[in-house]
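Participant: Next one to model:
(chains A and B)
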2 protein chains.
Amino acid sequence: MKTVAIIAPGAMGAAVAGVLTSHKLEVLTLLDNRSPRSVERARQAGMIAVNLDELMRAEAILSIVPPANAMALAESLAPTLKNSRVKPLYVDCNAISEQRVKQVNEAIVATGAAFVDGAIIGLPPAAADDSGPCFWFAGSRAAELRALERAGLRVKVMQEAQVGAASALKMSYAGINKGITLLSALMLINASRVGAADALWQEMNASQPVLMDRLRKAIPDMYSKAWRWAPEMEEIASLNQGELPGENLYMALADFCRQLADNQRDNGDYTQLLTDFLQRKE
Amino acid sequence: MKTVAIIAPGAMGAAVAGVLTSHKLEVLTLLDNRSPRSVERARQAGMIAVNLDELMRAEAILSIVPPANAMALAESLAPTLKNSRVKPLYVDCNAISEQRVKQVNEAIVATGAAFVDGAIIGLPPAAADDSGPCFWFAGSRAAELRALERAGLRVKVMQEAQVGAASALKMSYAGINKGITLLSALMLINASRVGAADALWQEMNASQPVLMDRLRKAIPDMYSKAWRWAPEMEEIASLNQGELPGENLYMALADFCRQLADNQRDNGDYTQLLTDFLQRKE
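Facilitator: As a prediction, this is how the structure comes out:
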């Protein structure tokens, strides 16, 4: 691959673009109605701003947007994809449920373009660091994206997996890792409010030191992302409809994310209780 | 302390009694209507079966029963406590919510006996192993139970903590540790059902090896306890009523415990999916 498009130049999109451009790929993007911060991130990553028609010369379009925007992006590109003779491979890399990625797939294949289900697991790659996140791809055309390995990305193709499998992977992985952070944070807040923080801290340090290390890093990392995690927890809830109570579980975690985000805009006492607990010393 | 009572000789109660009798304490218990298995456990632990009146010569009564029986035990002992001139210190060591332990406290102090709120954190002590669970005690008479340290128990007195604090500690600790096990198990089952198990296993082994180690032990340990965890998760839910969504979160986990327990009596396919995932090799 020589030319790919990444939409949009958010924290993840721009960081991935930076890896690709440093490996001599041309990375196109759309900058209409983007914030000055995104425009600047795109510039620093060496991305090239184009219009919709010019976007069609990309061999692949990577959709890397907030979960709620995944379908809207597909719909906004569909008319141009439909009218274009040459059609880029459309790769949805977003944290959306299996059901939702299948809807995006339908919108794209209706234009005649091919679709790959993708999932990015890990944090945005740091500059000059190739050990970035792992890109998982599923669908009949997924193997073509192995080409991105030569451009500095960690790529895994899910064998014989259909569209939906990469999203299910991403949701399951996030459901466990982010779920652990949120569930623990909720209990730590409630324990602190009933005066059990001292004893809980002693007991956890003595009998759960590995978990405490995890939480000391994971919980503060979460504060500023809670607003973004809320819709992701809702996606996980929708993936987990059925006889097991995953839907109720993750809707409760989504509620907690929103309350944490609201509380930070308000008086921040939840994060203060968490910080007091996690930074406590013997 | 020379004489204590432990009711009942379940797995935890009998194991604790075994530690105490091996340190030359006399341990009384009630065996009316108990299963042959409990009677045998009591015998092996060196416990002495007595009637209600004889129980009153214990310096302390440790209530170690399933959460649902905590109040019923207090009520069944209350008339005898009330009529007794010498009243043992009543110590509720059960996994019950702060609200519920306060109700038990009321039932006991109404008899003129003193009450201590206790929490046992950890697995039952193994024979010939003094590094058993930790006993946390709260309430104005809690310090008297330091005497049990000389009888082989790990004892922590919660300073200036009122009745309810030990239960809140226990519920918070269990809520985090058991909650992590259950939430992860639920996601692993659902991921396996949508064909994401292979990829999830690879990704978790690569990026979450410490968590995988934890789950490989904690999830199989949970199978046979799921029926017992269900009411404990409900207690945690009741402790976490209020503005944060802890109640919904733990009611969902209680549902999952019941479904896991039912499924094991049925076809066991949930535990099979979990075992397949956890025992997978590269």
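
Participant: could you give me the average pLDDT of the one helix or strand A:Arg37 maps to?
Facilitator: Using DSSP states H and E, A:Arg37 sits within helix A:36-44. Computed over helix A:36-44, the mean pLDDT rounds to 94.

Participant: Just the buried residues of stretch A:69-78, please?
Facilitator: Buried residues in stretch A:69-78, counted by 16 or more other C-beta atoms under 10 Å in any protein chain shown: A:Asn69, A:Ala70, A:Met71, A:Leu73, A:Ala74, A:Leu77, A:Ala78. Where you see a C-beta, it was placed from the backbone N, CA and C, and this is true even at glycine.

Participant: So stretch A:205-214, near chain B or not?
Facilitator: Yes: Stretch A:205-214 is in contact with chain B by C-beta under 8 Å from any C-beta of the partner chain, via A:Ala206, A:Ser207, A:Gln208, A:Val210, A:Leu211, A:Arg214.

Participant: likewise stretch A:84-101?
Facilitator: Yes: using C-beta under 8 Å from any C-beta, a contact is recorded between stretch A:84-101 and chain B, made by A:Glu98.

Participant: State the mean pLDDT of that stretch.
Facilitator: For stretch A:84-101, mean pLDDT is 93.

Participant: Low-confidence stretches in chain A?
Facilitator: Chain A contains residues with pLDDT under 70 at A:127-131.

Participant: Name the next helix or strand downstream of the host helix or strand of A:Thr21, please.
Facilitator: Counting by DSSP H and E, the element that carries A:Thr21 is helix A:11-22. Following helix A:11-22 in sequence order, the next helix or strand is strand A:26-29 (DSSP H and E).

Participant: Closest one of the residues of stretch A:205-214 next to chain B to A:Ala126?
Facilitator: Nearest to A:Ala126 out of the residues of stretch A:205-214 next to chain B is A:Arg214 (C-beta to C-beta; 20.9 Å).

Participant: Relative to A:Thr181, how far out is that closest one?
Facilitator: Distance of A:Arg214 to A:Thr181, given as C-beta to C-beta, to the nearest Å: 8 Å.

Participant: Now do the helix ranked longest in chain A against helix B:165-193: the angle between them, please.
Facilitator: The single longest helix within chain A, with elements called by DSSP state H, is helix A:165-193. Relative orientation of helix A:165-193 versus helix B:165-193 (axes from the mean of the first three to the mean of the last three C-alpha atoms, to 10 degrees): 180 degrees.

Participant: Can you tell me what sits against the helix or strand hosting A:Asp276?
Facilitator: Using DSSP H and E, A:Asp276 sits within helix A:269-278. With C-beta atoms under 8 Å, 6 or more residues apart in numbering or on different chains as the test, helix A:269-278 has contacts from A:185, A:188-189, A:192-193, A:197, A:200-201, A:215-216, A:219-220, A:223, A:259-260, A:263-264.

Participant: who in the stretch 1-150 of chain A is up against chain B?
Facilitator: Contact residues (C-beta under 8 Å from any C-beta) of the stretch 1-150 of chain A with chain B: A:Glu98, A:Ile121, A:Gly122, A:Cys134, A:Trp136.

Participant: what about the third one, how many neighbours?
Facilitator: Looking back up the chat, that one is A:Gly122. By the measure other C-beta atoms under 10 Å in any protein chain shown, the count of residues near A:Gly122 is 16.

Participant: Report the contact partners of it.
Facilitator: A:Gly122 sits next to A:Gly132, A:Pro133, A:Cys134, B:Ser207 when contact means C-beta under 8 Å, 6+ apart.

Participant: if we go to 6 Å?
Facilitator: A:Pro133, A:Cys134 (C-beta atoms under 6 Å, 6 or more residues apart in numbering or on different chains).

Participant: quick one: it and B:Cys93, what's the gap?
Facilitator: A:Gly122 is 44 Å from B:Cys93, by C-beta to C-beta.

Participant: How about the first one?
Facilitator: Computed as C-beta to C-beta, the A:Glu98 to B:Cys93 distance reads 45 Å.

Participant: More neighbours: these two, which one.
Facilitator: Between A:Glu98 and B:Cys93, counting by other C-beta under 10 Å, B:Cys93 is the more crowded of the two (26 against 23).

Participant: tell me which element the nearest residue to A:Leu28 once chain neighbours are set aside is part of?
Facilitator: Ranked by C-beta to C-beta, 6 or more residues apart in numbering or on different chains and with sequence neighbours excluded, the top spatial neighbour of A:Leu28 is A:Ala5, at 4.2 Å. When elements are assigned from DSSP H and E, A:Ala5 belongs to strand A:3-7.

Participant: Outside of that strand itself, list whatever touches it.
Facilitator: A:13, A:17, A:26-30, A:55, A:58-64.

Participant: May I have it exported as CSV, CA atoms only?
Facilitator: Taking Å, rounded to 0.1, in the frame of the first residue of the first chain, the C-alpha atoms of strand A:3-7 are listed here in CSV:
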residue,chain,number,x,y,z
THR,A,3,-1.8,5.7,0.0
VAL,A,4,-4.4,5.3,2.8
ALA,A,5,-6.9,7.6,4.3
ILE,A,6,-7.5,8.0,8.0
ILE,A,7,-10.6,9.7,9.3
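
Participant: need the contact list for A:Asp117.
Facilitator: For A:Asp117, the contacting residues are A:Val101, A:Ala138, A:Gly139, A:Val163, A:Ala166, A:Ser167, by C-beta under 6 Å, 6+ apart.

Participant: try 8 Å
Facilitator: A:92, A:101, A:105, A:137-139, A:142, A:162-167.

Participant: Would you verify that it is located in a strand?
Facilitator: Yes: A:Asp117 forms part of a strand when assessed by DSSP: H, G, I helix; E, B strand; the rest coil.

Participant: Who does it form a beta bridge with?
Facilitator: In this structure, A:Asp117 bridges to A:Asp92, A:Ala138 when assessed by DSSP bridges.

Participant: measure it to chain B for me?
Facilitator: Using C-beta to the nearest C-beta, to the nearest Å, we find A:Asp117 at a distance of 11 Å from chain B.

Participant: Please apply the same query to A:Pro36.
Facilitator: If you go by C-beta to the nearest C-beta, the gap between A:Pro36 and chain B works out to 34 Å.

Participant: For the stretch 51-200 of chain A, just list every one of the helices.
Facilitator: Assigned by DSSP state H, counting those that start in this stretch, the stretch 51-200 of chain A shows helices spanning A:52-55, A:70-83, A:98-109, A:165-193, A:197-207.

Participant: count of residues packed around A:Ala45?
Facilitator: Neighbour tally, A:Ala45, other C-beta under 10 Å: 22.

Participant: Let me fix that, I meant to ask about A:Gln279.
Facilitator: 9.

Participant: and the gap between A:Gly13 and A:Val27?
Facilitator: According to C-beta to C-beta, A:Gly13 and A:Val27 sit 9 Å apart.

Participant: same thing with A:Ala196?
Facilitator: With C-beta to C-beta as the criterion, A:Ala196 and A:Val27 are 51 Å apart.

Participant: ok, the two, which is more surrounded?
Facilitator: Neighbour count, other C-beta under 10 Å: between A:Ala196 and A:Val27, A:Ala196 has more, with 30 against 25.
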